[in-house]
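[1] need a 3D model of the following:
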Amino acid sequence: MQGRLAEYKCRYNDAMNASRSRRDFLLAEIMTDMEREFRIPFLRDRAEKEVDAEVLRLYRLISDSRSI
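    Numbering: from 1, shown residues only. Alright, predicted model coming up:
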């Protein structure tokens, strides 16, 4: 899992260096991929119980980085 998480962190860094109009699209794409791979549930309480804390921290960082 750590290898996959490192790939998502790299994608996040690349997205943050993209133009603002492209950034939100890339961040949303990363979030969708993470939701599928790590089975992140929509409900926050469930996510905190079912998803690895490091994965959830990165997911929330990405979410908070979006401008929409």
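[2] go ahead and confirm Ile30 touches Asn13.
    No: judged on CB atoms under 8 Å, Ile30 makes no contact with Asn13 at a distance of 10.7 Å. Bear in mind the C-beta positions are built from the backbone N, C-alpha and C, glycine included.
[3] so what's the residue count around Arg23?
    17 (other CB atoms under 10 Å).
[4] who are the packing partners of the longest helix seen in the chain?
    Determined from DSSP state H, the single longest helix within the chain is helix 20-38. Judged by 3 or more CB pairs under 8 Å, 6 or more residues apart in numbering; DSSP states H and E, helix 20-38 is in contact with helix 2-16, helix 53-65.
[5] centroid-nearest residue for this protein?
    Nearest to the mean C-alpha position of the chain, by CA atoms, centre = their mean, lies Tyr59 at 3.4 Å.
[6] quick one: contacts for the nearest residue to that one once chain neighbours are set aside?
    Leaving aside its sequence neighbours, Tyr59 sits nearest to Met34 (CB to CB, 6 or more residues apart in numbering; 5.4 Å). Going by CB atoms under 8 Å, 6 or more residues apart in numbering, Met34 touches Tyr8, Ile40, Val55, Leu58, Tyr59, Ile62.
[7] quick one, grab the pLDDT at Met34.
    Listed pLDDT for Met34 reads 94.
[8] all further residue positions should be reported with the first residue as 23.
    Understood, numbering begins at 23; the last thing we discussed is Met56.
[9] what about it, distance to Ser43?
    22 Å (CB to CB, to the nearest Å).
[10] who's in contact with stretch 76-88?
    23, 27, 30-31, 34, 37-38, 45-46, 49-50, 52-53, 56-57, 60, 62, 69-70, 73.
[11] check stretch 35-43 too.
    In contact with stretch 35-43 (CB under 8 Å, 6+ apart) are residues Arg44, Arg45, Leu48, Leu49, Ile52, Ser87, Ser89.
[12] now that stretch: buried residues?
    Neighbour counts over stretch 35-43 (16 or more other CB atoms under 10 Å) mark Ala37 as buried.
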